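K.L.:
After the sequence you'll find the predicted model.
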Amino acid sequence: MKFTMKVVAVAALCAASGLALAQKGETVRIAFMDPLSGPFANVGQNQLKSWQFVADRFSGKNAAGVKYEVVGFDNKGTPEGSLNTLKAAIDQGFRYVTQGNGSGAAWALLDAINKYNDRNPGKEIVYLNYAAVDPAMTNAPEKEGAPGCSFWQFRLDADTSMKMEALTSFMKDQASVKKVYIIGQNYSHGQQVSKYFKDAIKRKRPDIQIVGDDLHPIGQVKDFAPYVAKIKASGADAVLTGNWGQDLTLLVKAMNDAGLKVPMYTYYAGVTGTPTALAAGGESQVYVVAYGHANHTGELGQIGADFHKKFNDDYYTYATYNGINLMSAAIAKAKSTDPVKVAHAMEGLQVKSFAGDVTMRASDHQLQQTMFITKWQKAKPGEYKVENTDFTFVPVKQMDPYVSSTPTSCQMKRPAG
Amino acid sequence: MEFFTISLLNGISYGLLLFMLSSGLTLIFSMMGVLNFAHASFYMLGAYFAYTTTQWFGYWPALVIAPLLVAGLGALFEKYALRRVHKYGHVAELLLTFGLSFIILEMVQLVWGTSSVDYRVPAALSGPLFTLYGTQFPMYRGFMMLVALLMLLAMWLLLTRTRIGLVIQAALTHPDTVEALGHNVPRVFMLVFGGGCALAALAGVIGGNAFVTEPGMAATVGSVIFVVVVVGGMGSLAGAFVASLAIGVIQTFAVGIDRSLLDAAQVVGLAITPETFGYALWKLKISQVAPILPYVFLVLILIFRPKGLLGTREG
């Protein structure tokens, strides 16, 4: 009797929800691959915690009713390392992979996943790219041997060209900026920041002079004082950098040491270690372009606060929030956790984010989203204190998705399904 | 002029830090003939020990305690491990220290985690020392230079003006005679090895907060200190000093030179276009290769003057 009651109740619930949630209760396992050791370990560690934290939070409490499990793999930030960790993840049965630090590693991963999926139909892997921002990854057509934009990749961050559109839209209104010094890490990302800045600023503020354009080996420079001396000598009134991790922390330290106080326009000043270095230099003008900021209210603000309480660390990889939400919506739409079906469902999908709606553009799998320019300043009461300093990043400009939307030349091959 | 002066100062201070790092390595090599692969790991241990000691006792005690702790560990390692494999020759010693560097790295990650630690310059030493043409020269860099020079002086006095220094020098070439005179040669070697490790640790205490204290720090400086030792001349303390300063200064100035082979080719009238073979190499600016210049020296020195600038040993 009791048993029948239960069956009836469950049937009634299913009928009421209108869906027979075939995937409900399943566990979606995501393999996270980023440097968990070496010079950029602090960034990778934080991001792994962010993925796991958000995954735990939404496990079972999402549209699809699935659970999430995120497991970390140390790719040491290198392409070779990524290939090894991918192999390990495949051996352990993972079907979803996420990675973000370093476009070099991202390209290697994408290439390997493309090839693996071609050779192993029925065991496909989907790649959630949460931070590698090389525009070519969602643009270049796939050529013989060389990977290009791929059906298997979904990018949650905004690519360099999008961030640069937003950043230059802000900079064009800064009358005091007349001489800009560009400094970056010598690999695809640093080179692209330089290239896209020059392109965009020529269109928007042709009077701005570029007084320096430096590239240094990534993760190799211990002493940035010589670079700072050079910036000073160039007479620059603003510095633009795409540096991240230790390369930005040390640059900021060297600028503070030399007492060089010019506005810095950055991509990643909010990333582990850098805010502490910034705070040590006192009040300085630093701007960040990103798809989020430290002072969100609502659900994301709560996640940030809870994350801080648990790890005494900052939650800044907001792409993890969008990533899990997109996955849940796509799994619910596909009624399956099968990567091919989920990938198809994710195309063109729109979900509510912490700043309006975000759309996963079907043509190139680049998330279209709101962009923010934030400014580093003393935290007022109630504002989030970044890295337990007295400072915070406050939004000074918010731009709708269309502002940073850039065209794509991607023509991807889609599998049937 | 401004750029020149500031760069010279930056170069010298960076060079002195390099010297501090490599002096222990070259000392151990000249005294014992052991090329200590784990030297940079002792540098890292120095920084981490200082980080922890600073939290308990403050920075100034840490400046003394951390190198002493590392010296103790180094001495124990010499006594119980290195001495045992000594009879199997230099390859065995090299491999042993190579293995030790991995063990230290793993231990550091287990104890302090894989992320960087918040080890800061003490408040008394932060801020500018003086301002030159509107550019500040940080006090901590001055402190780094001072410690390196004091260290050089102390080491020179110890080796040339004291009894123990004479014994060390004599034990280097005539260990049997020294032993026959009643000196404990193995203990002298243990002291030298421990002392060399302490010097690396001191550099770690000073460099750890000036830069970043994290598990990758040993790997990043490890290669550079070998360059210093080889360029200066295997086992020559004076050579290491000259080489460190030269590398520091040249690297710093190279950052300021935005010239490439492309410019040079244009001067002599060669037309190089993006279609030219190897264009990526032609357009590489000197400033871009500055951080890898030390390794270029390493190769050149090994080809043209294998004993190094001031070295006395062949190869």
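P.N.:
Sure, I can see it.
K.L.:
immediately after the lowest-mean-pLDDT helix or strand in chain A, which helix or strand?
P.N.:
Ranked by mean pLDDT, DSSP states H and E, the weakest helix or strand in chain A is helix A:2-17, scoring a mean of 55. Next along the chain after helix A:2-17, taking DSSP states H and E as the criterion, comes strand A:27-34.
K.L.:
Tell me where the model's unsure across the chain.
P.N.:
The chain I'm using is chain A. Residues of chain A meeting the criterion pLDDT under 70: A:1-22, A:141-147, A:417.
K.L.:
if you could check chain B rather than the one you did, that'd help
P.N.:
Residue ranges of chain B with pLDDT under 70: B:115, B:312-315.
K.L.:
What is the longest helix of it by residue count?
P.N.:
Longest helix in chain B by number of residues (criterion: DSSP state H): helix B:2-32.
K.L.:
Pull out the buried residues from that helix.
P.N.:
B:3, B:6-7, B:9-32 (16 or more other Cβ atoms under 10 Å in any protein chain shown). The way it works is simple: take the backbone N, C-alpha and C, and place the C-beta from them, glycine included.
K.L.:
can you check stretch A:286-305 too?
P.N.:
So stretch A:286-305, judged by 16+ other Cβ under 10 Å, has buried residues A:286-296, A:300, A:303-304.
K.L.:
What ranges does the stretch 151-300 of chain A have for its helices?
P.N.:
Taking DSSP state H, counting those that start in this stretch as the test, the helices found in the stretch 151-300 of chain A are A:160-171, A:188-204, A:225-234, A:246-258, A:274-280, A:298-311.
K.L.:
B:G207: which of those is closest?
P.N.:
helix A:246-258 (12.2 Å; Cβ to Cβ).
K.L.:
The closest one vs chain B: in contact?
P.N.:
Yes - contact of helix A:246-258 with chain B (Cβ under 8 Å from any Cβ of the partner chain) involves A:246, A:249-250, A:257-258.
K.L.:
With adjacent residues omitted, what lies nearest to the residue sitting nearest the centre point of chain A?
P.N.:
Compute the mean C-alpha point of chain A, and by Cα atoms, centre = their mean the closest residue is A:A131, 3.0 Å away. In space, and not counting its chain neighbours, A:A131 is closest to A:G100: 2.8 Å by Cβ to Cβ, 6 or more residues apart in numbering or on different chains.
K.L.:
which SSE is residue 110 in?
P.N.:
Just so you know, I chose chain A. Going by DSSP H and E, A:L110 is in helix A:103-119.
K.L.:
other chain: chain B
P.N.:
Under the assignment here (DSSP H and E), B:L110 is part of helix B:90-112.
K.L.:
Not counting its own residues, what contacts that helix?
P.N.:
A:37, B:33-42, B:44-45, B:48, B:51, B:77, B:81-82, B:85-86, B:215, B:218-219, B:222 (Cβ atoms under 8 Å, 6 or more residues apart in numbering or on different chains).
K.L.:
May I have the secondary structure class of A:D357?
P.N.:
strand (DSSP: H, G, I helix; E, B strand; the rest coil).
K.L.:
Run through the residues that contact it.
P.N.:
Applying Cβ under 8 Å, 6+ apart, the residues near A:D357 are A:350-351.
K.L.:
Surely A:Y287 and A:P263 touch.
P.N.:
Yes - with contact defined as Cβ atoms under 8 Å, A:Y287 counts as touching A:P263 (6.7 Å).
K.L.:
For stretch B:55-63, buried residues please.
P.N.:
B:59, B:62-63.
K.L.:
and that stretch, does that touch chain A?
P.N.:
No - figure legend: stretch B:55-63 not in contact with chain A (Cβ under 8 Å from any Cβ); closest approach 15.2 Å.
K.L.:
Now that stretch - C-alpha only, PDB.
P.N.:
Taking C-alpha atoms only, stretch B:55-63 is exported to PDB below (Å, rounded to 0.1, in the frame of the first residue of the first chain):
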ATOM      1  CA  GLN B  55      55.200  35.400  11.600                       C
ATOM      2  CA  TRP B  56      56.600  34.200  14.900                       C
ATOM      3  CA  PHE B  57      59.500  36.500  15.700                       C
ATOM      4  CA  GLY B  58      59.500  39.200  13.100                       C
ATOM      5  CA  TYR B  59      61.700  39.900  10.100                       C
ATOM      6  CA  TRP B  60      65.100  40.700  11.800                       C
ATOM      7  CA  PRO B  61      65.300  37.400  13.800                       C
ATOM      8  CA  ALA B  62      64.300  35.600  10.600                       C
ATOM      9  CA  LEU B  63      67.200  37.100   8.800                       C
END
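K.L.:
so what's A:G72 closest to, chain neighbours aside?
P.N.:
A:L48 (4.4 Å).
K.L.:
now swap in B:E214 and tell me
P.N.:
Nearest to B:E214 is B:S116, by Cβ to Cβ, 6+ apart, at 3.7 Å.
K.L.:
Just put the helices of the stretch 151-300 of chain A in JSON lines and tack on distance to A:K335.
P.N.:
Putting the helices of the stretch 151-300 of chain A into JSON lines (distance: least, Cβ to Cβ, whole Å) gives the following:
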{"stretch": "helix A:160-171", "distance to A:K335": "32"}
{"stretch": "helix A:188-204", "distance to A:K335": "38"}
{"stretch": "helix A:225-234", "distance to A:K335": "54"}
{"stretch": "helix A:246-258", "distance to A:K335": "44"}
{"stretch": "helix A:274-280", "distance to A:K335": "43"}
{"stretch": "helix A:298-311", "distance to A:K335": "25"}
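K.L.:
Would you tell me which residues of the stretch 1-150 of chain B are close to chain A?
P.N.:
B:2-3, B:6-7, B:10-11, B:13-14, B:109, B:113-116, B:118, B:120, B:126, B:128, B:131, B:134-138, B:140-141.
K.L.:
Could I get the contacting residues of A:I324?
P.N.:
Applying Cβ under 8 Å, 6+ apart to A:I324 gives the contacts A:54-55, A:58, A:62, A:68.
K.L.:
again, 7 Å this time
P.N.:
Counting by Cβ atoms under 7 Å, 6 or more residues apart in numbering or on different chains, A:I324 makes contact with A:54-55, A:58, A:68.
K.L.:
So what does it have for phi and psi?
P.N.:
phi -70, psi -40 (degrees, to the nearest 10).
K.L.:
rewinding a little: so the residue nearest to A:A131 sits against A:V133, correct?
P.N.:
No - A:G100 is beyond contact range of A:V133, at 8.7 Å (criterion: Cβ atoms under 7 Å).
K.L.:
quick one: common contacting residues for these two?
P.N.:
A:D157.
K.L.:
Need the residues that contact the strand or helix carrying A:V403.
P.N.:
A:V403 is located in helix A:401-404, with elements delineated by DSSP H and E. Residues outside helix A:401-404 that contact it (Cβ under 7 Å, 6+ apart) are A:158, A:162-163, A:165-166, A:169, A:368-371.
K.L.:
starting at the chain centroid, how far to it?
P.N.:
Relative to the centre of its chain, helix A:401-404 is centred 17 Å away, using Cα atoms, centre = their mean, to the nearest Å.
K.L.:
again with stretch A:92-103
P.N.:
13 Å.
K.L.:
got the end-to-end distance for that stretch?
P.N.:
25 Å (Cα to Cα, to the nearest Å).
K.L.:
Report the buried residues of that stretch.
P.N.:
A:94-103.
K.L.:
swap in stretch B:112-130?
P.N.:
Going by 16+ other Cβ under 10 Å, stretch B:112-130 has these buried residues: B:112, B:114-117, B:119-121, B:125-126, B:128.
K.L.:
Cross-reference the residues you listed with the helices and report the matches.
P.N.:
B:W112.
K.L.:
Among the buried residues of stretch B:112-130, which are located in strands?
P.N.:
Residues of the buried residues of stretch B:112-130 located in strands (DSSP state E): B:P128.
K.L.:
Greatest separation within the buried residues of stretch B:112-130: which pair is it?
P.N.:
Pairwise over the buried residues of stretch B:112-130, using Cβ to Cβ, the maximum falls at B:T114 and B:P128, 33.8 Å.
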